[in-house]
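In: Fold the stuff below for me.
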Amino acid sequence: MIPFELTILGSGSAKPTLKRKASAQMLTYGNNHFLIDCAEGTQLQLSSLKISPMRIGHIFISHLHGDHYFGLIGLINSLHLIGRIESLHIYGPEQLSEIIQLQLNASDTRLRFPLFIHSLQSNGKHCILENDQMKVYSFPVLHRIPTWGFLFNEKTAERNIRTDFIEEFHPNIEAIHAIKSGADFIDKFGGSHHNHEITSQHDARSYAYCTDTAYFEDLIGYINGVKVLYHETTFMANQTERAIATFHSTTFQAAEIALKAGVEKLIIGHFSSRYPTSGPLLDEARTIFENTEAAMDGIKFQL
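Out: Numbers count the residues shown, from 1 in each chain. Below is the predicted model:
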């Protein structure tokens, strides 16, 4: 099975603290390295966790509040300085291209590598990236300015043929390919072997990233059935009015979305600096959605 791993680079909200950097995550799937948001300090987090920025092929920026993208131009410039030549793709709000180009022009920087900036669409769910292994979608969330969530769906892999079946019936190469694609098998004696009896296949994995957002039930349709959901949890439940006023979510609200969307695991993060530890927020969320974990800087989740 291809390794699918999430590393939390920053779990805090607008004001970074000594224990929490602002929003950034690294999602890896085999040789695919996706950076999700890029707050100030992201480069230092990558360095401290021994993650090479040169491996990043795609960057996804949810919105243009500084705690989600102020580290981006610095990262781009560093990649230029250390000799990157491979192309880099960035997905974000329409204004992002103009912002990055202005910064490059102001410093008279001509990048050594091709940079492609793709504008996100606000009208529903859209596939923004597809390769042999994965599809990536964007979708709108509910925040004070245009903001997007991202969904990473593993494509269904070929089926694995049972070793004992191969040893007993010795299917040829053509038959093996057919079985892996879902075909049944007829042995030399005319016996029929149903595909589900001679193969196995893991469920396709998926990850959804939802920050910053107020409680927004439209999300349920975009992320329904996702295996792992990251949902911002800026406030505890006693700060519901504050969450509404700032277009953020509480512990209870994030857990309600996870419950209604039928996800398997919820990861909460984007914690306000008013909370020195995430323990109380985690305890609250678990009263509604038990399989909840708290994002902490440097922690890794196997998806």
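
In: Could you use CA atoms for every contact and neighbour count after this?
Out: Will do.

In: Which secondary structure state does the spatially closest residue to I288 that is not a sequence neighbour sit in?
Out: Nearest non-adjacent residue to I288, counting by CA to CA, 6 or more residues apart in numbering: A255, 5.9 Å away. Applying DSSP: H, G, I helix; E, B strand; the rest coil to A255 yields a three-state assignment of helix.

In: all strands of the stretch 151-300 of the chain, in order?
Out: Under the criterion DSSP state E, counting those that start in this stretch, the stretch 151-300 of the chain contains strands at 160-161, 185-186, 192-193, 199-200, 206-210, 228-232, 265-269, 292-294, 300-302.

In: ok now stretch 134-143, how far from the chain's centre?
Out: In terms of CA atoms, centre = their mean, to the nearest Å, the centre of stretch 134-143 is found 10 Å from the chain centre.

In: Look at I8 and tell me its secondary structure.
Out: Secondary structure, three-state DSSP: I8 is strand.

In: How is the chain partitioned into domains?
Out: Domain assignment for the chain by automatic domain parsing gives 4-157+201-302, 165-199.

In: buried residues in the shortest one?
Out: Taking 16 or more other CA atoms under 10 Å as the basis for neighbour counts, the residues of domain 165-199 that come out buried are P171, I176, I179, K180, G182, D184, F185, N195, I198, T199.

In: Could you export the residues you listed to a markdown table, including columns for distance to L142 and pLDDT?
Out: Converted to a markdown table, the buried residues of domain 165-199 look like this (distance: CA to CA, whole Å; pLDDT from 0 to 100):
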| residue | distance to L142 | pLDDT |
| --- | --- | --- |
| P171 | 54 | 85 |
| I176 | 48 | 78 |
| I179 | 45 | 77 |
| K180 | 42 | 77 |
| G182 | 41 | 79 |
| D184 | 47 | 86 |
| F185 | 51 | 76 |
| N195 | 44 | 88 |
| I198 | 46 | 77 |
| T199 | 43 | 73 |
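
In: Partner strands of the helix or strand of the chain with the lowest mean pLDDT and their direction?
Out: Least confident helix or strand, the chain: strand 199-200 with a mean of 72, by mean pLDDT, DSSP states H and E. If you go by DSSP bridges, strand 199-200 pairs up with strand 160-161 (antiparallel).

In: Quick check: closest non-adjacent residue to I85.
Out: Closest to I85 by CA to CA, 6+ apart is F113, at 4.3 Å.
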